[in-house]
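> give the three-dimensional model of this entry:
(one chain, ligands or ions: 2)
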Amino acid sequence: MSEITLQPTTTPLKGKCFVPGDKSISHRAVFFGALAQGKTEITNFLTGDDCLTTIKAFESMGVQITQHDEHVEIDSEGYKHFKEPTQPIDLGNSGTTARLLLGVLSGLPFHTTLFGDQSLTKRPMDRVTIPLREMGANIDGREEGKYLPLAVRGQALSAITFKPEVKSAQVKSGVLLAGLLANGTTTVVESTKTRDHTENMLQAFGAEVTVDGLAIHIEGKQTLKGTTIQVPRDISSAAFFIVAALIVKGSKITVKDVGLNPTRTGILDAIKLMGATLDIKETTNIGGEIIGDVTVSYQTPKGAVIEGDIIPRMIDEIPILALLASQAEGQTVIKDAEELRFKETDRIDSVVHTLRLFGCHVQPTPDGMIIEGSQTLTGATADSHGDHRIGMMIAIASLIATGETTLTDKEAINVSYPSFFDHLTALTNDK
Ligand SMILES: O=C(O)C1=C[C@@H](OP(=O)(O)O)[C@@H](O)[C@H](O)C1
Ligand SMILES: C=C(OP(=O)(O)O)C(=O)O
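Numbers count the residues shown, from 1 in each chain. Ligands and ions are numbered 1, 2, ... in the order given. Model prediction:
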C-alpha cells in the first residue's frame, strides 16, 4: 500500500478546474448502453476503478465495449443476447455496480456469482435482494442473501409497487432495472427524492418511464435504443476543491461544466446554509442533467444544523463538509445521516476518527456528528481505510494543517478520482 507525504500549502488555490466525469452517470451510461440495442457512445466517462468494474461486468456477459480513456463505445444486441459468464463477477469496491447489477441479473435466464472486496463484502445487499425476491428473483448467499458473495439464477420477474425504507438511489435503480425486464408496470415510491440519473437516462435511451412526484413507473419488457451520452463533471469530486478554496486563505477557483442536478447539489445548499457565498451559473442541460460553473473564494462560514431532505442530496459530500465545519465559526450538527454507516467505511466513525487525528473536537452520534468550529489542525499520519472520500478529505485537511501529513493507502482515491493529486497541484500552482 502506498503512501504520500503532504505539506501545508504555501499558496492559495487559484484558477479553473475540470474535474472528471460523474461516477453515478458513468456507471449508468454503461448499464443502459449494454442493455440497449445498437451503438452507444459515451464521452467524458470516469475512468475510476468503480466504473471500470462496471465495464468488466458487462464484458463478462459478452457485450462489446471499447474504452480509450474517457471515450467509451458499446455495441450491443441488447440484454436478450447477454451470455452466462464463465467466472464469478468481481465487483471490487463498487456498491453502485453491485446493487444495480443485482436488478439486471435477477431477470436474465442464467446463473451468476457476484463477489467484492473486503469493504463491499460487509455492505448490506438485502435492501435490494428483498424487493427483487418479491419480484420473483432467485438470489442466495450468506445470512439469507444479505451479503456478497451472492449467487443469482435469473427468472421471469413480475412487477411490484415498492416503497423503499432506505433513501437510496442504488436501491431505486436496482428495482427499476429489474422492472425493465419484468412483466407489467413496476412502481417505486420514494419517501425523499434521491439522485434521479436512472430516470433521466432511461428516457435518453427511449424507455417509457413516468415520474409523478416521488413515484416512478416503468413498463416492463421494453427495448432500449443505443444513444450518445456526454457525462457531466462530478459535483461529488468538485466538492473537495470547493471546500479547499473556502478554507485556504486567498483562494478563488471556478469548477467548470460540473453537474448541477438538484438531486445532487445538497453540498452547495449546505455551504449556503452555513452563510458562505457561491457564484453558481447554469450553462446548459444535456439529457436532463443541468451543467454549470461554480466559483468560490476563501471565507469563514458559520456552524449550522444540517439535517432532513438535504442529506440524501449530499450523502457522499458529508466527509468533506465535516472538514469545512471544523473551520466554521461555531458548532455544526449533522443529523439524519445514518446511511453513512453503510458506505465504503462507516463514514460516521471514519470521519470522526480522522478529524480527531488532526486534533479536531468532534463527537459521533447514531445518525451523524457534532463538529466544533474554529479549530487548528495539526499534521498527522492518517489512513484512507480503503475509502476514497476519506483519502481525499485527508489530502484537503493537509493543506491547512500545521506540519507534515502522511496519507497512507492513497490508492483508494483511484476509485472515483485517479487524477486528484494532479488537479490539486495544478490549483495550488496556478499563477
Ligand atoms: O446511485 C448511485 O450512483 C449512488 C448512490 C448513493 O448510494 P445510496 O444509493 O446507497 O445512498 C451514493 O452514496 C453512491 O456513491 C452512488
Ligand atoms: C458510496 C460511494 O459509492 P458506492 O456506493 O458505489 O460504493 C461513494 O462513491 O462515496
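> use CA for all of it now, contacts and neighbours both
Fine.
> mean confidence for the helix or strand hosting Met201?
Using DSSP states H and E, Met201 maps to helix 197-204. For helix 197-204, mean pLDDT is 98.
> repeat that for stretch 318-332.
Per-residue scores along stretch 318-332 average to 98.
> ends of it, how far apart?
12 Å (C-alpha to C-alpha, to the nearest Å).
> likewise stretch 416-423?
13 Å.
> touching ligand 1 at all, it?
No. Stretch 416-423 does not reach ligand 1 (C-alpha under 6 Å from any ligand atom); its nearest approach is 9.3 Å.
> could you pull out the buried residues of that stretch?
Buried residues in stretch 416-423, counting neighbours by 16 or more other C-alpha atoms under 10 Å, are found at Ser416, Tyr417, Pro418, Phe420, His423.
> who in the stretch 51-200 of the chain is up against ligand 1?
Residues of the stretch 51-200 of the chain lying near ligand 1 by C-alpha under 6 Å from any ligand atom: Thr96, Ser168, Ala169, Gln170.
> look up how far ligand 2 lies from the third one.
From Ala169 across to ligand 2, the span is 10 Å (C-alpha to the nearest ligand atom, to the nearest Å).
> that residue contacts Thr192, doesn't it?
No. Checked against C-alpha atoms under 8 Å, the pair Ala169 and Thr192 is beyond contact range at 10.3 Å.
> so which of those two has more stuff around it?
Taking neighbours as other C-alpha atoms under 10 Å, Ala169 and Thr192 compare with Ala169 leading, 22 against 18.
> so that one versus Ser374, what's the distance?
35 Å.
> so for Leu424, what's the nearest residue that isn't a sequence neighbour?
Leaving aside its chain neighbours, Leu424 sits nearest to Phe241 (7.6 Å; criterion: C-alpha to C-alpha, 6 or more residues apart in numbering).
> for that neighbour, helix, strand, or coil?
helix (DSSP: H, G, I helix; E, B strand; the rest coil).
> count the residues that sit near it.
There are 25 residues near Phe241, going by other C-alpha under 10 Å.
> same question for Leu214.
12.
> with the one 10 residues further on instead?
Applying other C-alpha under 10 Å, we find 23 other residues in the vicinity of Leu224.
> quick revisit: the buried residues of stretch 416-423 into a markdown table, with extra columns for distance to ligand 2 and secondary structure?
Listed next are the buried residues of stretch 416-423 as a markdown table, based on distance: C-alpha to the nearest ligand atom, whole Å; DSSP: H, G, I helix; E, B strand; the rest coil:
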| residue | distance to ligand 2 | secondary structure |
| --- | --- | --- |
| Ser416 | 7 | coil |
| Tyr417 | 10 | coil |
| Pro418 | 13 | coil |
| Phe420 | 14 | helix |
| His423 | 19 | helix |
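> so where's this structure uncertain?
431 (pLDDT under 70).
> could you list the domains of it?
Split into domains by automatic domain parsing, the chain comes to 3-21+232-429, 23-230.
> so how far is Phe240 from whatever residue of the stretch 101-250 of the chain ends up closest to ligand 1?
The stretch 101-250 of the chain approaches ligand 1 most closely through Ser168 (3.4 Å), counting by C-alpha to the nearest ligand atom. Ser168 sits 22 Å away from Phe240, going by C-alpha to C-alpha.
> neighbour count: the two, which is higher?
A count of neighbours by other C-alpha under 10 Å puts Phe240 above the other of Ser168 and Phe240, at 24 against 19.
> that one against Met392, yeah?
Yes. Between Phe240 and Met392 there is a contact under C-alpha under 8 Å: 7.1 Å.
> what ranges does the stretch 51-200 of the chain have for its helices?
Counting by DSSP state H, counting those that start in this stretch, the segments of the stretch 51-200 of the chain that form helices are 95-105, 118-121, 126-134, 142-145, 169-181, 197-204.
> who's in contact with the closest residue to ligand 1 within the stretch 1-150 of the chain?
Nearest residue of the stretch 1-150 of the chain to ligand 1, counting by C-alpha to the nearest ligand atom: Ser24, 3.7 Å away. Ser24 sits next to Thr96, His197 when contact means C-alpha atoms under 8 Å, 6 or more residues apart in numbering.
> that one falls within a strand, correct?
No. Going by three-state DSSP, the assignment for Ser24 is helix, not a strand.
> how far away is Leu102 from Asp126?
11 Å.
> which of those two has more residues huddled nearby?
Neighbour tally, Leu102 and Asp126, criterion other C-alpha under 10 Å: the higher count belongs to Leu102, 27 against 18.
> spell out which parts of the stretch 1-150 of the chain neighbour ligand 2.
Listed as neighbours of ligand 2 in the stretch 1-150 of the chain under the rule C-alpha under 6 Å from any ligand atom: Asn93, Ser94, Gly95, Thr96.
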